[in-house]
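Peer 1: just need the structure, nothing else, for what follows:
(2 chains)
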Number of protein chains: 2
Amino acid sequence: MTTTGASAELSVSPATAEELRKMDAYWRACNYLCVGMLYLLENPLLREPLKAEHIKNRLLGHWGSDPGQTFTWVHLNRLIKKYDLDMIYIAGPGHGAPATLSNSYLEGVYSEVYPEKSEDVAGLQRFFKQFSFPGGIGSHCTPETPGSIHEGGELGYSLSHGFGAAFDNPDLIVTVVVGDGEAETGPLATSWHANKFLNPKTDGAVLPILHLNGYKIANPTILARISPEELESLFRGYGWTPYVVEGDDPAKMHVLMAEVLEKCVTEIRDIQAKARAEGATVVRPRWPMIILRTPKGWTCPKELDGHKLEGSWRAHQMPIMDPKTNPDHLKLVESWMRSYKPEELFDESGKLIPELREMAPSGTRRISGNPHANGGELRKPLDLPRFQDYGLKVEEPGQTEVSSTDTLGHFLRDVVRKNMTSFRVFGPDETASNKLDAIYEASGKRWLAEMEASDADGGNLSIDGRVMEMLSEHTLEGWFEGYVLTGRHGFFSSYEAFVHIIDSMFNQHAKWLEKSKLELRWRAPISSINLLITSLVWRQDHNGFTHQDPGFLDVVTNKSPEVTRIYLPPDANCLLSVADHCLRSVDYINVIVADKAPHLQYLNMDEAVKHCTKGIGIWDFASSDAGADPDVILACAGDIPTSEALAAVAILRERCPELKIRFINVVDLFRLMPEHAHPHGLSDQEFDGLFTTDKPVIFNFHAYPSLIHKLTYKRKNHANFHVRGYKEKGNINTPLELAILNQVDRFNLAIDVIDRVPGLMTTAAHTREWLKDEITDSVNYAHENGIDRPEIRNWKWPAGSDKS
Amino acid sequence: MTTTGASAELSVSPATAEELRKMDAYWRACNYLCVGMLYLLENPLLREPLKAEHIKNRLLGHWGSDPGQTFTWVHLNRLIKKYDLDMIYIAGPGHGAPATLSNSYLEGVYSEVYPEKSEDVAGLQRFFKQFSFPGGIGSHCTPETPGSIHEGGELGYSLSHGFGAAFDNPDLIVTVVVGDGEAETGPLATSWHANKFLNPKTDGAVLPILHLNGYKIANPTILARISPEELESLFRGYGWTPYVVEGDDPAKMHVLMAEVLEKCVTEIRDIQAKARAEGATVVRPRWPMIILRTPKGWTCPKELDGHKLEGSWRAHQMPIMDPKTNPDHLKLVESWMRSYKPEELFDESGKLIPELREMAPSGTRRISGNPHANGGELRKPLDLPRFQDYGLKVEEPGQTEVSSTDTLGHFLRDVVRKNMTSFRVFGPDETASNKLDAIYEASGKRWLAEMEASDADGGNLSIDGRVMEMLSEHTLEGWFEGYVLTGRHGFFSSYEAFVHIIDSMFNQHAKWLEKSKLELRWRAPISSINLLITSLVWRQDHNGFTHQDPGFLDVVTNKSPEVTRIYLPPDANCLLSVADHCLRSVDYINVIVADKAPHLQYLNMDEAVKHCTKGIGIWDFASSDAGADPDVILACAGDIPTSEALAAVAILRERCPELKIRFINVVDLFRLMPEHAHPHGLSDQEFDGLFTTDKPVIFNFHAYPSLIHKLTYKRKNHANFHVRGYKEKGNINTPLELAILNQVDRFNLAIDVIDRVPGLMTTAAHTREWLKDEITDSVNYAHENGIDRPEIRNWKWPAGSDKS
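Peer 2: Okay, the predicted model is just below:
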């Protein structure tokens, strides 16, 4: 392997020979700690000969990318000190935590956060033992890792997290090491394009380092096995300027890396200076990036039992698996560890020697101690306008149709205006489609790719835009997470069916939040992820079956109740109240379900706030049980199910006037869970007070009906719960027709009531027949005319109903 | 805009002027039909002046990419005829179905499949009306679309579907039109690398056409707004040879497209001829691809009300929204439609004139009639070895530990051997990690990127490999879907937590299958998607919390019971039986959950086959109720929950010998559902016979406990169901410790029994205390030693137990 790259242009090393010598020593200290974590239970500094009993019983961890990452970190330290850089580091390679952990320990941050892991022999032994050990920490950068905002469990999001961190942090440089395995994932492959959304004037910089380690678990990586020309061409095509650092001789590599990193940092600073000069016109720059090609498991033994080790997939996890039982291999581990010369690196007490300690920056300039990586510390609450000021006047319930998301858009517009450097809106090309376009009055869509003259006519593109749109839910969610993890705020709207694209990202972030919130006091609370799910299953007139999937809520309910919230506001005022609450909250993932199409409005602002505060409640205007014993409970959650349930009540009032109906609306879905299972859960007493213990409950639900059963199966009256919801029936349908197919429509609900209230089947037999006919007529009309019957489209709640 | 591209090298048009004239006419016919679908309810050939009442009531559909796609199709037809090509077409742009539909109609295929949509005026009127109309068809290529294997609802998978179709179809060319919106998604962005997995000798070709339409719903696209140099560099970096066809003048564009397509097809044929020549060494070629830059909504009116229309995002959906109410706009729609000169294109009866009809290929060479796009027609059942031959000898239950997936690997190895051109195995770098590496004895991992000398030592790479590994679950699932949709077979193994990455793809394929199976008799059944979920939640010793998510099953249970199956085989022989069943099945998505680590084995092959055939059953060897009334039912589903449940039985047998336990194991999860809700559901009688109607049931489940409640809440004995499963508690834990945290371990299960069987709390109080101590001791031991206690690690079912 040869040492090539961008060095031709760089003749003089920016680092002195003495600096390079010390950097190499520091690097050896890092690598020593990495191997120590992987193997040692005792004898952390090898002050006695290594014995089998010093080795952990079960060897679990990854060596492969560690040395390349520690190498990078050591070189970053030099530049941080030289230029007083504000830098965080994101470790893309999944299981390379030892690299981050070792640096955190050497910088002293680890011992500050976890005093038991002190900077001495005893502390080091505990530091080694806990790694990948029961009751200890994981082998990727879990939330427990100081300096990290990026968990490497699932792969693919390092670069989008990095961009999220850099947005609106003009003085921050985010170094992102991208693993060449991770680079094969779809989310990572498209996230290189994020450079079209970064403004060099007001955003920070992202310095990606593609770590061409060469191998995944058991295979070569694609990018390591294409020609240098293709590789360079690919990154130029993505809009970057690639610099190659390649080789395996540490001495040469130190020189080269120092040169190239110096060049990259200088270029970054030049780009920024140019963009920030007075009167400068901001254009998309070609940011630098580095392709770092080092052998997998660099500096481990070259061979094991005749097989290539260094530079092979065999060095991905534990290069040597059996030192505990194989004396020769135990010797090999020992000589490998001693090759780093720990005796030169640590003093008698076990602490890194001062000469090396001073190679690292100090205080908050230490990468692992940078406050951006514990963003809650920097977080300031949003400056929120009074949401009540955006409310609709609702004199009487159910008389006017408005798009709730349009109303929300006006509120969000002013949230943007008042928080122009700490709040962003995310959406995959759908902000306008989702009726949030009022936001454009405050700020356009971020765009640093080419503009054309015609964009001026309604394109709403802007190099300063606060709205982030790219047709990649993965990238958006990654940006959003990176943005809140570094202390800012945001709001994401997405088509309901396709929010499943980020199921896995949701899972991972929920896990990160749960650990951070419940177990890591030192991690300050961060803003919630606020996810508006719209373009709902019930309004897919032309998109049809593929766009009908309300199942994200099922995924959400599997995660910890400590970090998950689901709201289904029935109208615009409730949506405003919920959104305001979510934007103020911390450490949650708030999922809000609200349709974008016009819908009837029910509650005035006071009522909406009260209703949302309770999260569930009886709607008196729609109830006819006069607060006493009802014959039946009609419950609903979701805007469309609510309007159909109300229409059913109107039908029943007219045709079965003696029927006592209690109408319950649920905004906060977790109210339904038992009190012990979720912090928002109603007590059994409260629940029984609402739903009774013996009356039939017809529950009209937005999503899959089984979810309501999942939440309520422990309740006394559960056997009487009859839930309607989406049951995977649909195609190209009018709204009413789709409701009918899934029996969430007014007619089927009224039939449900008739079928379940004792005695009603007899007295209301005629009504039941009429309802059946209405269903047939409705479908026929839709198939003939392509739209619903006018009396359905124009339906309103009967005017003059008692609302108090 | 100028017409540029690769034309410099091409001086003579391969198509004659007469051909080009006719192709343009054919194109106009396509475009006319597209607009007709979007707008017309009546008057399909404009044989009378267009009136408001001829326009649909609700206008829903997309024009934007239609003309560019029809343009492409017309040019493909010329080459199919010229070279007798076998070609299918995949429409990436989400809502561009009119392009495919119009061609299918003009080729006569649509009328063959749907005789009511005949090739005459009345049929054309019905063809127009049904489009994006209630009770009709969608505005993207739904399963109802002849010639399509790719639904455009969600975006991102066109290219991976295309490669899946091309694998092992050496004479097939798959033309994939990639939308520039879709190109921004992660899955699409990485799928360009699929060219490193295509063998030009034995696979067909994929010809990608990136359609630079310029706009998404409301934004420009990234790839349309980078420099030509970057764009070309990007695709060269991805390993393709890009050819540009750019312009807006149809006459010039026809010449250019004919030249470039001719060149691409010639290159493809040359590459293949070279690779297939005797003695040729196969290397990865640089396949051609086309960048087709045409105005969005090409050929629609240039402007509307002073706003740019053609070439703008305003032409994405319906370019003119209100012709029904705006007479000027009605006139504009009419003049637009008449600009295609329908009177020159269709004869008196309403059929395409013969001169144009002959421009299309005939029979199975018609793209929309190509049998590969109805792959079930070509499908041949797998040649399967006797799975029983791979079974384990199990003399007595629970005495030996074996990795079930390792056993499966040997069976799959021979499935590969016997089906070397119709069966592939898919996995994200995990085939070996998941213990399926016996397959490499039959065939290696497909790899056409560079090879190195050291790969020979255990790399298992091969240009002919039948194992497809890339670190992108999206790409793998896309390949697999494309492969089965064109009539072949496969098997996918994935880490459990990260199968959520393809939740959305699962949803979309399930919807495709349901429609195809239940509503489209003409679509022949295709092989099932077989998905082995392994590296399970319960064995994440070092991966920890991020790798613990068994929630994919919740996603699966939301989809139609007609197409979903879930199996949790408890041991290797059951896994073999289940796998054999799945490989023979059609039109399902089979999800198999089985761990890769060594586990105790229970059933001999006969017992396993019987057990799996029933899908649920009492295990007599573990039961002590002698077929009579039990005190308690201990049920389980999943290999790890099964072994813990058995260990609990062993404890209880010894310490509470009088207790009558019935032990039930569930393989086929949907057995639990009500008979009316799933074809596999047990009748209430059968269910009650197993679970009784009044005895406590302790159910030890592999995944989230609520799923069992979701499936069983309607059963009589549900109130007595006490389900244990994963409850989102974990970190770095030994297997036993993790089980304890979630209470699926033997000790907690025994406590559950004691707490729930009436009277046992008193007599077994001492045992209960002992169990509590065991739990504490177990966790302490793990934290001290990093492994579980030997008596747990080496636990076996008590030898000599009655097994009959």
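Peer 1: all contacts plus neighbour counts: C-alpha atoms, from now on.
Peer 2: OK.
Peer 1: for the residue in the stretch 51-200 of chain A positioned nearest to chain B, what are its contacts?
Peer 2: In the stretch 51-200 of chain A, the residue found nearest to chain B is residue A:186; the distance is 3.8 Å by CA to the nearest CA. Applying CA atoms under 8 Å, 6 or more residues apart in numbering or on different chains, we find residue A:186 in contact with A:156, B:185-191, B:472, B:474-475.
Peer 1: now with 10 Å, please.
Peer 2: Contacts of residue A:186 were listed using CA atoms under 10 Å, 6 or more residues apart in numbering or on different chains, and they are A:155-157, A:472, A:474-475, B:156, B:185-191, B:471-475.
Peer 1: residue A:376 now?
Peer 2: With CA under 10 Å, 6+ apart, residue A:376 has these contacts: A:484-488, A:522-527, A:586-587.
Peer 1: tabulate those residues (a markdown table), appending secondary structure and distance to residue B:307.
Peer 2: Formatted as a markdown table, those follow (DSSP: H, G, I helix; E, B strand; the rest coil; distance: CA to CA, whole Å):
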| residue | secondary structure | distance to residue B:307 |
| --- | --- | --- |
| A:484 | helix | 39 |
| A:485 | helix | 42 |
| A:486 | coil | 42 |
| A:487 | coil | 42 |
| A:488 | coil | 38 |
| A:522 | coil | 55 |
| A:523 | coil | 52 |
| A:524 | coil | 50 |
| A:525 | coil | 48 |
| A:526 | coil | 44 |
| A:527 | strand | 41 |
| A:586 | strand | 44 |
| A:587 | coil | 45 |
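Peer 1: buried among those? Make that a PyMOL selection.
Peer 2: In PyMOL syntax, the buried subset of these is picked out as below (16 or more other CA atoms under 10 Å in any protein chain shown):
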select buried, chain A and resi 484+485+486+487+488+523+524+525+526+527+586+587
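Peer 1: any chance of the contacts of residue A:376 in CSV with distance to residue A:115 as columns?
Peer 2: What follows is these, written out as CSV (distance: CA to CA, whole Å):
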residue, distance to residue A:115
A:484, 28
A:485, 24
A:486, 25
A:487, 26
A:488, 29
A:522, 12
A:523, 16
A:524, 18
A:525, 22
A:526, 24
A:527, 28
A:586, 27
A:587, 26
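Peer 1: most widely separated two among the contacts of residue A:376?
Peer 2: Using CA to CA, the contacts of residue A:376 span at most 18.0 Å, a distance reached by A:488 and A:522.
Peer 1: ok, the closest residue to chain B within the stretch 701-804 of chain A - contacts?
Peer 2: Closest to chain B within the stretch 701-804 of chain A is residue A:733: 4.4 Å, counting by CA to the nearest CA. Each residue near residue A:733 by CA under 10 Å, 6+ apart is listed here: A:538-545, A:739-741, A:779, A:782-783, A:786-788, B:132-138.
Peer 1: can I take it that it is in a helix?
Peer 2: No: assignment of residue A:733 by DSSP: H, G, I helix; E, B strand; the rest coil gives coil, placing it outside any helix.
Peer 1: where do the strands sit along the stretch 651-800 of chain A?
Peer 2: For the stretch 651-800 of chain A, the strands defined by DSSP state E, counting those that start in this stretch cover A:661-666, A:697-701, A:721-724.
Peer 1: figure out how far the helix or strand of chain A with the lowest mean pLDDT is from the centre of its chain.
Peer 2: For chain A, using mean pLDDT, DSSP states H and E, the weakest element among its helices and strands is helix A:760-763, scoring a mean of 88. Between the centre of helix A:760-763 and the centre of its chain there are 52 Å (CA atoms, centre = their mean, to the nearest Å).
Peer 1: give me the buried positions along it.
Peer 2: Buried residues in helix A:760-763, counted by 16+ other CA under 10 Å: residue A:761.
Peer 1: and for that helix, what are the contacting residues?
Peer 2: By CA under 10 Å, 6+ apart, helix A:760-763 touches A:656, A:659, A:751, A:753-755, A:767-768.
Peer 1: sec struct for the residue lying closest to residue A:81 once chain neighbours are set aside, please.
Peer 2: Sequence neighbours aside, residue A:361 is the residue nearest to residue A:81 in space, at 5.7 Å (criterion: CA to CA, 6 or more residues apart in numbering or on different chains). Reduced to three states with three-state DSSP, the structure at residue A:361 is coil.
Peer 1: quick one: residue A:361 from residue B:530, how far?
Peer 2: 53 Å (CA to CA, to the nearest Å).
Peer 1: try residue A:189
Peer 2: For residue A:189 relative to residue B:530 (CA to CA), the value is 27 Å.
Peer 1: and the helix ranked longest in chain A, what does it pack against?
Peer 2: Assignment by DSSP state H gives helix A:250-276 as the longest helix of chain A. Other helices and strands packing on helix A:250-276, by 3 or more CA pairs under 10 Å, 6 or more residues apart in numbering or on different chains; DSSP states H and E, are helix A:17-39, helix A:66-83, strand A:172-179, strand A:205-212, strand A:241-246, strand A:288-293.
Peer 1: so what's the gap between that helix and the chain middle?
Peer 2: How far helix A:250-276 lies from its chain's middle: 31 Å, per CA atoms, centre = their mean.
Peer 1: please apply the same query to stretch A:531-544.
Peer 2: Here stretch A:531-544 is found 22 Å from its chain centre; the criterion is CA atoms, centre = their mean.
Peer 1: and what of stretch A:245-261?
Peer 2: For stretch A:245-261, the distance to the chain centre is 35 Å (CA atoms, centre = their mean).
Peer 1: hey, where'd the helices end up in the stretch 251-400 of chain A?
Peer 2: Along the stretch 251-400 of chain A, counting by DSSP state H, counting those that start in this stretch, helices occupy A:327-338, A:342-345, A:354-357.
Peer 1: so which of those helices gets nearest residue B:399?
Peer 2: That would be helix A:327-338 among the helices of the stretch 251-400 of chain A, by CA to CA, at 31.8 Å.
Peer 1: now the helices for the stretch 651-800 of chain A?
Peer 2: Assigned by DSSP H, counting those that start in this stretch, the stretch 651-800 of chain A shows helices spanning A:684-691, A:706-712, A:735-741, A:746-756, A:760-763, A:765-785, A:790-793.
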